[in-house]
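J.: Prediction below, plus the sequence it came from.
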Amino acid sequence: MRELRLVTGNMHKLQEFQHGLGQLGITVSLLKADCDEVQADTLEEVVRSCLDQIADQGHEDFILDDSGLFVHALNGFPGVYSSYVFSTIGNDGILKLLNGSEDRTAHFECCIGCHLCGERIIVTGRSSGEITMGPRGSDGFGYDPVFQPDGAQRTFAEMGLEEKGRYSHRGDAMRHFVAELDKRMGRNNR
């Protein structure tokens, strides 16, 4: 099909996109471009701003995403600040904040934005689950060792890419993204 370039400094994200979109014949490579993440209330606002900034730099046919962990007992914290919070307090900090809390429910959201042939595609995916009592597993990245999605017995960090893709917010967003690509590019009859 075509190649899309992913704007990220996270090689784990690149692997997830390559795995998810590669099955459809879409090659995903790395695009080294920067954008200033705006302080916003939603992931979509951050994605829209970065799409504008990177398109203004002259780039075409690229994808980017923003993801967040929303812990219900913490009123949705860290949410849009997940990356910063992870780099400052990590999984141990989240577990400490939940110490003594009976409500360990949380969800991940992922907003994917794509600039393709001058048009935008923006989709969102979600994965509901709970924060575990302690980290489990060594695969994945970020909050993966402390998040167990609904319907699974393992954390994201205990899953391989394919299994994680079935449960994850990014996998859900990618399925919506592929459906939108199909619609826009007339590839419904594969």
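T.: Great, that's in hand.

J.: Could you use CA atoms for every contact and neighbour count after this?
T.: Fine.

J.: Could you list the low-confidence segments of this structure?
T.: By pLDDT under 70, the low-scoring segments of the chain are 1, 185-190.

J.: just so I have it, where are all the strands in it?
T.: All strands of the chain, identified by DSSP state E, fall at 3-7, 27-31, 62-71, 105-116, 119-131, 147-149.

J.: hey, which of these is tucked in deepest?
T.: Most buried of the strands of the chain, by mean neighbour count (mean count of other Cα atoms under 10 Å): strand 147-149, with a mean of 27.

J.: What strands line up against it, and which way round?
T.: When pairing is defined by DSSP bridges, strand 147-149 lines up against strand 119-131 (antiparallel).

J.: quick one, the strand it pairs with and strand 62-71 angle?
T.: 30 degrees (axes from the mean of the first three to the mean of the last three Cα atoms, to 10 degrees).

J.: Can I get the strands of the chain in TSV including distance to residue 93?
T.: Formatted as TSV, the strands of the chain follow (distance: least, Cα to Cα, whole Å):
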stretch	distance to residue 93
strand 3-7	28
strand 27-31	31
strand 62-71	13
strand 105-116	15
strand 119-131	12
strand 147-149	14
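
J.: quick one: which of the ones you listed is nearest residue 96?
T.: Among these, strand 119-131 comes nearest to residue 96, with 11.4 Å by Cα to Cα.

J.: residues in contact with the closest one?
T.: 44, 71, 95, 104-115, 146-150, 167-174, 176-177, 180 (Cα atoms under 8 Å, 6 or more residues apart in numbering).

J.: Report the contact partners of residue 21.
T.: Per Cα under 8 Å, 6+ apart, neighbours of residue 21: 27-28, 174, 178.

J.: ugh, typo on my part, it should be residue 79
T.: Contacts of residue 79 by Cα under 8 Å, 6+ apart are 68-71.
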